[in-house]
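# pasting a predicted model and its sequence here:
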Amino acid sequence: MSDVARQAGVSQTTASFVLSGRTDMRISEAAQARVKEAAAALGYRPNVTARSLRTRVTRTIGFVSDAITTTPFAGEVIRGALEVARAHDHLLFIVESEGSADTETALVNALVDRQVDAVVLASMYTRYITPPKDLHGRRVVLLNCLAPGFDAPSVIPDEVEAGRAAGRVLLAAGHRNGIWAIGGHQAIPATPEGTFAGNERMRGLQEVLRQERVVLDGVVECEWNAEDGYRETRALLAAGRRPRALVCSTDRLSFGAYQALAEAGLTVPGDVSAVSFDDQDIASWLRPALTTLALPHYEMGRTAMELLLGGEPLGSAVHRIPMPLRERGSVAAPGR
């Protein structure tokens, strides 16, 4: 700082005011220009740590997740958060607990000790959580999770509306019977992935169908993997319960269902329509490509960070992010 002041021909106090962006001291435009030119020429950068001691603002955000970075969706969630943080001149510290409550508490404490300005507490799957006690009273946003009674907003996908959209797609194509849900309300055994998302999706689906006096022919509860979709669809066909349309809880289930239908000589969508959720890469590679509701990972990451950095009181509202419908070729009018 003294070198900058000397080269600019001003006092060190004046140089400090200019470089810290303060406006409560009258400094000529010419002097401000000389200070900035000297700083650029000398390669000067303010000591962020020292400044934070005075301002109590570190311009850092902690991003704590259970296992997001190990999933295919991590890039989009984190990219959305990083873009907003960068636009606000903030750094994002990303740490992961691998599902351990003790590790999560230790990581939160480490971030608090480093005086992060705020924390995003994120989950791989939408679920109810109990935040570490050291986050109480701090600026926090919950991402893809909910904590009733905890004073912080939650950002989650709008699974209920996605279920409604899946129902509307089938109704618009003319389906009124022979509709089966594969995966049902929850994965078996129950997992955080299934318990919340499955219930929400099924609630929206059944709500829309009931409005048109349409009921599901059946709900098959199973885990949400490709082999489960194959096994359960094959079992339906073997029992003589041929569906006209399948609503699969995940794209992975749909992949398995496609294989079982093909083995039985049935085509999608000529004989059986299919609609799903998640929009994983596999959805666009299936033939025909799968109509599905996309999880809005990028938008969720952005929204969480915008709430944190928006400067407004956070409250405890639940922000439901729309799940876009990806209409492809797997839904048609009821087959023969």
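Great, that's in hand.
# sketch out the low-pLDDT regions of the stretch 201-336 of the chain for me.
For the stretch 201-336 of the chain, the stretches with pLDDT under 70 are 336.
# would you map the helices across it?
226-238, 251-263, 281-285, 297-309 (DSSP state H, counting those that start in this stretch).
# so which residue is dead centre in this protein?
Nearest residue to the geometric centre of the chain (C-alpha atoms, centre = their mean): H297, 3.5 Å.
# residues in contact with stretch 299-311?
Stretch 299-311 has contacts (C-beta atoms under 8 Å, 6 or more residues apart in numbering) with 61, 76-85, 88, 90, 118, 120, 122, 139, 141, 143-144, 153, 155-157, 314, 319, 321-322. C-beta here means a position set from N, CA and C on the backbone, and glycine is covered the same way.
# so R26 is in which element?
Using DSSP states H and E, R26 falls within no helix or strand.
# please apply the same query to R138.
If you go by DSSP H and E, R138 is not part of any helix or strand.
# what does L142 give?
Judged by DSSP H and E, L142 forms part of strand 140-146.
# domains of this structure?
According to automatic domain parsing, the chain comprises the domains 2-46, 55-157+297-321, 159-295.
# who wins for proximity to R328 among these?
Across the domains of the chain, R328 has its closest neighbour in domain 159-295 (3.7 Å, C-beta to C-beta).
# about what we covered before: buried deepest among the domains of the chain, which one?
Stretch with highest mean neighbour count among the domains of the chain: domain 159-295 (a mean of 20; mean count of other C-beta atoms under 10 Å).
# and the residue nearest to the centre of the chain, how close does it get to A122?
11 Å (C-beta to C-beta, to the nearest Å).
# residues shared between the contacts of those two?
Shared contacts of H297 and A122, defined by C-beta under 8 Å, 6+ apart, are found at V77.
# circling back to that earlier point, next, format the domains of the chain as TSV and append distance to A333.
Below are the domains of the chain laid out as TSV (distance: least, C-beta to C-beta, whole Å):
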stretch	distance to A333
domain 2-46	63
domain 55-157+297-321	29
domain 159-295	5
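# out of these, nearest to G335?
domain 159-295 (4.1 Å).
# now do the residue nearest to L325 when sequence neighbours are not counted against S276, distance only.
Of all residues not flanking L325 in the chain, A165 sits nearest, at 5.2 Å (C-beta to C-beta, 6 or more residues apart in numbering). For A165, the distance to S276 (C-beta to C-beta) stands at 12 Å.
# so who does the nearest residue to Q12 once chain neighbours are set aside touch?
Nearest non-adjacent residue to Q12, counting by C-beta to C-beta, 6+ apart: A5, 4.4 Å away. By C-beta under 8 Å, 6+ apart, the residues touching A5 are 11-12, 14-15, 35, 38.
# mind running it again at 10 Å?
11-16, 18-19, 34-35, 38-39 (C-beta atoms under 10 Å, 6 or more residues apart in numbering).
# repeat for F17
The contact partners of F17, by C-beta under 10 Å, 6+ apart, come to 10-11, 23-27, 31-32, 35.
# distance to S100 and pLDDT added to these, as TSV?
Formatted as TSV, the contacts of F17 follow (distance: C-beta to C-beta, whole Å; pLDDT from 0 to 100):
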residue	distance to S100	pLDDT
V10	54	88
S11	53	88
T23	47	70
D24	48	70
M25	50	74
R26	55	82
I27	52	85
A31	55	87
Q32	51	87
V35	49	86
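# closest to S97 out of these?
Checking the contacts of F17 against S97 by C-beta to C-beta gives T23 as the nearest, at 42.4 Å.
# gap between that closest one and Q12?
The gap separating T23 from Q12 is 18 Å, by C-beta to C-beta.
# got the CA positions of stretch 214-227 in PDB?
The C-alpha trace of stretch 214-227 is given here as PDB (Å, rounded to 0.1, in the frame of the first residue of the first chain):
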ATOM      1  CA  VAL A 214     -59.300 -41.800 -14.700                       C
ATOM      2  CA  VAL A 215     -57.700 -44.100 -12.200                       C
ATOM      3  CA  LEU A 216     -54.400 -46.100 -12.500                       C
ATOM      4  CA  ASP A 217     -54.900 -49.700 -13.300                       C
ATOM      5  CA  GLY A 218     -52.100 -50.400 -10.800                       C
ATOM      6  CA  VAL A 219     -49.000 -49.300  -8.900                       C
ATOM      7  CA  VAL A 220     -45.900 -51.500  -8.800                       C
ATOM      8  CA  GLU A 221     -43.600 -50.700  -5.800                       C
ATOM      9  CA  CYS A 222     -40.000 -51.500  -6.500                       C
ATOM     10  CA  GLU A 223     -36.500 -50.100  -6.500                       C
ATOM     11  CA  TRP A 224     -35.700 -47.500  -9.100                       C
ATOM     12  CA  ASN A 225     -33.000 -49.300 -11.300                       C
ATOM     13  CA  ALA A 226     -33.100 -50.600 -14.800                       C
ATOM     14  CA  GLU A 227     -33.300 -54.300 -13.700                       C
END
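# when you give positions from now on, start the count at 39
Okay, residue one is now 39; in that scheme the one you just asked about reads as stretch 252-265.
# now that stretch, how far from the centre of its chain.
Put simply, stretch 252-265 sits 25 Å off its chain's centre (C-alpha atoms, centre = their mean, to the nearest Å).
# what does stretch 146-163 give?
Chain-centre distance of stretch 146-163: 17 Å, with C-alpha atoms, centre = their mean.
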